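Novice: generate coordinates for the sequence data below:
(one chain, ligands or ions: 2)
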Amino acid sequence: MRAKFFFAVVLVLLLIAPTSALAASWNLASDFAANGDSSGPWAKDSGGNTVWYFKLAPTGGAANPAAYSSSALSWTTTYSWMPPGTPLKGWARLPGDLPHVSVNTGATDANSNTNPPFPWRSGKVLSHPMPAADAWPYSVIEWKSPVAGEADGSITLTDVDAGGGDGFQYWILKNSTQLDTGTVPNGGTVTETLTDEAVSPGSSIYVVLGPGIAGSHSWDSTQIDMSITVPEPPVVSTPASSGWAIAVLGILGVAMAARKTRVPARS
Ligand SMILES: [Ca+2]
Ligand SMILES: [Ca+2]
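Specialist: Ligands and ions are numbered 1, 2, ... in the order given. This is a model prediction of the structure:
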């Protein structure tokens with residue numbers, strides 16, 4: 001009888017226990033800052049890498065993942081528009097360092113040596129396109145899902161170089177499906193959210209950055225904040241459910257105590 005009682009207690013605990021943490025999360029900037037190097041896994045293309053990829057898109061191919069390529073990108077830690085010694089790393093087309101997708105790994109914000117300077121915040125990813133007339137104007141960030149589930153995410157693009165220019169264009173895709181596109185004026189910002197986007201291993205979310213509406217890439221340094229969670233965050237145990245758990249355990253405890261203290265009836 002005692003074994004059955006403890007089995008019942010364990011069963012109740014399993015039923016009312018909060019869902020274990022199953023969510024997997026990725027953050028472009030912190031993942032890149034902590035792990036990125038020339039060999040991946042936060043590298044420019046496939047070849048054994050896992051989640052983050054950096055590519056370029058050709059003229060007319062901003063929303064066509066089949067046309068994306070990383071072949072022109074090289075690993076770099078120096079940028080002609082940043083002071084020497086600034087702790088940066090990323091992928092860029094050399095020489096000229098544009099387009100690029102790179103991260104500031106320093107503990108402090110940095111400023112460019114352009115006039116006027118633009119800020120490159122500590123721990124943040126910047127990207128920069130080329131003019132629309134270039135053969136490969138667009139920089140591409142790809143998140144390739146290693147898991148199946150429903151992806152929630154946030155993607156914020158901010159023009160950090162407000163010295164001039166026509167702002168930037170962007171595209172958000174899941175695989176070959178365009179989820180959204182838009183233009184952002186000079187100095188502007190936009191946030192796109194992902195909600196319950198079904199993904200499976202190999203599914204991709206793309207963020208594509210291009211020059212502005214007039215095709216100019218001047219003053220187009222763009223901060224990209226991007227995070228994705230799959231599957232959705234687990235349900236957290238509430239105080240109410242904890243209260244029920246205590247109540248159920250209390251009832252079971254009282255029942256056991258009563259069983260122990262009950263005096264057998266005399267015959
Ligand atoms: Ca522009
Ligand atoms: Ca600008």
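Novice: now the stretch 151-267 of the chain, which segments are flagged as low pLDDT?
Specialist: Where the stretch 151-267 of the chain drops to pLDDT under 70, the residues are 232-267.
Novice: run a quick neighbour tally on the residue in it that ligand 1 sits nearest to.
Specialist: Proximity of the stretch 151-267 of the chain to ligand 1 (Cβ to the ion) peaks at G212, 3.3 Å away. The C-beta positions use only the backbone N, C-alpha and C, and glycine is treated the same way. G212: 23 surrounding residues under other Cβ atoms under 10 Å.
Novice: ok, now A66?
Specialist: Residues lying near A66 (other Cβ under 10 Å) number 7.
Novice: show me what contacts it?
Specialist: Neighbouring residues of A66 by Cβ atoms under 8 Å, 6 or more residues apart in numbering: S176.
Novice: in contact with the nearest residue to D225 once chain neighbours are set aside, which residues are there?
Specialist: Closest residue to D225 apart from its sequence neighbours, by Cβ to Cβ, 6 or more residues apart in numbering: T156 at 4.3 Å. T156 makes contact with T189, V190, T191, E192, Q223, I224, D225, M226 under the criterion Cβ under 8 Å, 6+ apart.
Novice: export the residues you listed to TSV and tack on secondary structure?
Specialist: As requested, the contacts of T156 are exported to TSV (DSSP: H, G, I helix; E, B strand; the rest coil):
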residue	secondary structure
T189	strand
V190	strand
T191	strand
E192	strand
Q223	strand
I224	strand
D225	strand
M226	strand
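Novice: I only care about those that end up buried; give me the PyMOL line for that.
Specialist: Here is the PyMOL selection string for the buried members of the contacts of T156, based on 16 or more other Cβ atoms under 10 Å:
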select buried, resi 190+192+223+224+225+226
